[in-house]
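> coords please:
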Amino acid sequence: MFIALPGTARAQIITNPSACDFDRDGIADGWFTQGQRGFASLSKTNKTKQIRMSRAYSHFTCSDRNNDGKVDLLARMGPSGRAETIFVFSGGSAGLLKVCKSVRELQKCEIWKSQQSSHISKGDPRHRSTGFIATRGCPGGFPNSIIAYNSKGQKIHQLGEYFPTGSLYDSRHYGCFASGDCKGPVAIAIEARRETGKEEIYLKDLSGSCVRVPDPGQCYNSSGC
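This is a model prediction of the structure:
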């Protein structure tokens with residue numbers, strides 16, 4: 001969406017401003033924000049493109065985050081901490097951008113499990129597939145059924161919500177519970193690599209953003225794997 005740049009929009013901290021050539025004309029473009037709205041001021045057309053962000057980020061780094069040949073933004077609230085990828089323009093084959101309005105990395109309070117903890121017995125169907133757990137107080141939220149996509153935006157896995165969540169968690173989802181499809185973590189990684197050349201998958205949250213899991217066959221932020 002192209003609009004006039006609001007007079008109250010502020011230029012933001014860019015760690016590598018010379019790399020922010022969003023329209024690929026050889027000239028660095030400007031990046032401004034106003035709350036949760038971002039504005040790319042494009043030198044090639046003298047137009048401003050508006051992008052909606054999930055948070056009012058203030059620190060940005062420019063790089064091609066999804067290997068589509070176009071410059072994206074890695075956004076943070078400060079010099080360090082939770083990061084989210086903002087796509088200014090998408091490549092022609094970047095199907096992931098059709099299902100994810102932005103992409104972020106796993107937070108420390110988000111746990112991906114490729115194998116379940118010892119208290120889940122081998123007879124429990126949850127033992128046969130993946131797990132995704134958000135600990136108590138973790139920002140954001142997830143639907144009853146979490147859809148996982150490969151890097152081309154193709155659905156590759158589904159996890160169902162487990163009840164009760166327990167006092168330590170905001171949500172618990174398992175690949176072989178309720179609406180889950182019971183695919184194994186290694187099989188998911190193999191399928192993702194076969195289709196895209198990468199193991200990584202993306203879990204869609206309630207806001208429409210996606211969380212990147214680098215390799216579903218590995219555990220992340222879990223002490224029980």
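
> Got the domain ranges for the chain?
2-92, 110-213 (automatic domain parsing).

> Endpoint to endpoint, the last one covers what distance?
Using Cα to Cα, to the nearest Å, one end of domain 110-213 lies 10 Å from the other.

> Over to stretch 105-112?
From its first residue to its last, stretch 105-112 covers 12 Å (Cα to Cα).

> Over to stretch 19-31?
12 Å.

> Flag every buried residue along it.
Across stretch 19-31, burial judged by 16 or more other Cβ atoms under 10 Å covers 20-23, 28-31. No exception for glycine: its C-beta is placed from N, CA and C like everyone else's.

> Narrow the residues you listed to those in helices?
Cross-referencing the buried residues of stretch 19-31 against helices under DSSP state H gives no overlap.

> In a markdown table: the domains of the chain, plus distance to residue 104.
A markdown table is the format used below for those (distance: least, Cβ to Cβ, whole Å):
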| stretch | distance to residue 104 |
| --- | --- |
| domain 2-92 | 4 |
| domain 110-213 | 6 |
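
> so of the ones you listed, which one's packed in deepest?
domain 110-213 (a mean of 18; mean count of other Cβ atoms under 10 Å).

> on that earlier part again, pick out the shakiest of the domains of the chain, pLDDT-wise.
Among these, domain 2-92 carries the lowest mean pLDDT, at a mean of 80.

> So residue 194, which state does it fall into?
Secondary structure, DSSP: H, G, I helix; E, B strand; the rest coil: residue 194 is helix.

> residues contacting the closest residue to residue 23 other than its chain neighbours?
Counting by Cβ to Cβ, 6 or more residues apart in numbering, residue 44 is the residue found nearest to residue 23 once chain neighbours are left out, at 4.2 Å. By Cβ atoms under 8 Å, 6 or more residues apart in numbering, residue 44 lies in contact with 23-25, 27.

> thought residue 198 was touching residue 192?
Yes: counting by Cβ atoms under 8 Å, residue 192 is a contact partner of residue 198 at 6.4 Å.

> Okay, and the beta partners of the residue lying closest to residue 110 once chain neighbours are set aside?
Among residues not flanking residue 110 along the chain, residue 134 sits closest, at 5.6 Å (Cβ to Cβ, 6+ apart). Beta-bridge pairing of residue 134 under DSSP bridges involves residue 110, residue 171.

> which residues do residue 198 and residue 192 both contact?
Common contacts of residue 198 and residue 192, defined by Cβ under 8 Å, 6+ apart, comprise 150-151.

> What's opposite residue 63 in the beta bridge?
Beta bridges link residue 63 to residue 72 when assigned by DSSP bridges.

> The residue in the chain sticking out farthest from the centre sits in which helix or strand?
In the chain, the greatest distance from the average C-alpha position (Cα atoms, centre = their mean) is reached by residue 123, at 32.6 Å. Using DSSP states H and E, residue 123 maps to neither a helix nor a strand.
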